[in-house]
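[1] coordinates for the following, if possible.
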Amino acid sequence: MKSYQITEYVHHFLECHVKPGDICVDATMGNGNDTLKLCELVGEQGKVYAFDIQKQALENTEKRLKDHKVIHIASLIFDSHTHMDNYIVENQVDCIVFNFGYLPSGDHKLATRPETSIEAVKLGLSLLKKGGLMSLCIYSGKDSGFEEREALLTFLKDLDFKNYLVILSSYYNRPNNPPIPVMIIKH
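    Sure, this is the predicted structure:
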C-alpha cells in the first residue's frame, strides 16, 4: 500500500495537470524534489523556475537535477518567493508549487512566515494563467507553529470563488498535526 505522503499526493495532481512545454515554479525549492518532478513533467520544451533563500537548498537541488540530467530545464534562483515577479511575467505560469515550513535537514529557525507566505501566494496567483494550478503543502506543529497555517487557511477561505477554486484536503485520521494539502485552480 502506498503511504501517500503529502508530496506524493501533490505529485499525483501535478502529473494530471502539468504538460510538456509548460512553465512552472517551485516557490520553495528545498531539497529539489518538486523541482525535479516539474522538470520531468515539462520536459525539454518547458521551463521551471525554483526559488529559495538558503544556499544549502540551491546546492541540494542543483545536485539532484544534475544527477537526473535535467538541470538545463530549471533556473535556480537564490531569492525569496516574494520576488517571483522579477523573473516571471504575469499570467504566464501553468503551475506553482509551495511547501511551507522549513528545509528538511536544515536549520529549523529558518522557516517560512505567515506574512511573506501570503504575499508570495498572492503574487503567485497573479502569475498563474487561467486554468493554472497552485499547490500548497502547509506544515504545522512542533517547530513550525500554527500561526502560518491559520493565516494561510484564513486567506484561502476568502479568495473570490468566481476567480479561484480552492480544494483543501486533510489526513483526517493521522495524529500530530499532519500537513494540509491545498490545490488552487485559477478560473
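
[2] please, where are all the helices along the chain?
    Using DSSP state H, the helices of the chain run over residues 6-17, 33-42, 55-67, 114-127, 147-157.

[3] quick one: contacts of the shortest one?
    By Cβ atoms under 8 Å, 6 or more residues apart in numbering, the residues outside helix 33-42 that reach it are 7, 10-11, 14-15, 18-24, 26, 29, 46, 48, 50, 61, 64-65, 68, 70, 73-74, 76, 95, 97, 99. Bear in mind the C-beta positions are built from the backbone N, C-alpha and C, glycine included.

[4] among these, the buried ones, what's the ChimeraX command?
    To isolate the buried ones among those in ChimeraX, judged by 16 or more other Cβ atoms under 10 Å, type:
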select :7,10,11,14,18,22,23,24,26,29,46,48,50,61,64,65,70,73,74,76,95,97,99
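
[5] which ones among the contacts of helix 33-42 lie within strands?
    Cross-referencing the contacts of helix 33-42 against strands under DSSP state E gives 23-24, 26, 48, 50, 74, 76, 95, 97, 99.

[6] out of these, which is nearest to residue 130?
    Lowest distance from residue 130 to the ones in strands among the contacts of helix 33-42 (Cβ to Cβ) belongs to residue 95, with 12.9 Å.

[7] just for this structure, where's the confidence low?
    Scanning the chain for pLDDT under 70 picks out the ranges 1-3, 102-112, 141-145.

[8] let's see that with 90 instead.
    Of all residues in the chain, those with pLDDT under 90 make up the ranges 1-9, 54, 100-116, 138-149, 170-179.

[9] for the protein, what's the longest strand?
    strand 128-138.

[10] give the other helices and strands that that strand contacts.
    Packed against strand 128-138, as judged by 3 or more Cβ pairs under 8 Å, 6 or more residues apart in numbering; DSSP states H and E, are the following elements: helix 6-17, strand 93-100, helix 114-127, helix 147-157, strand 180-186.
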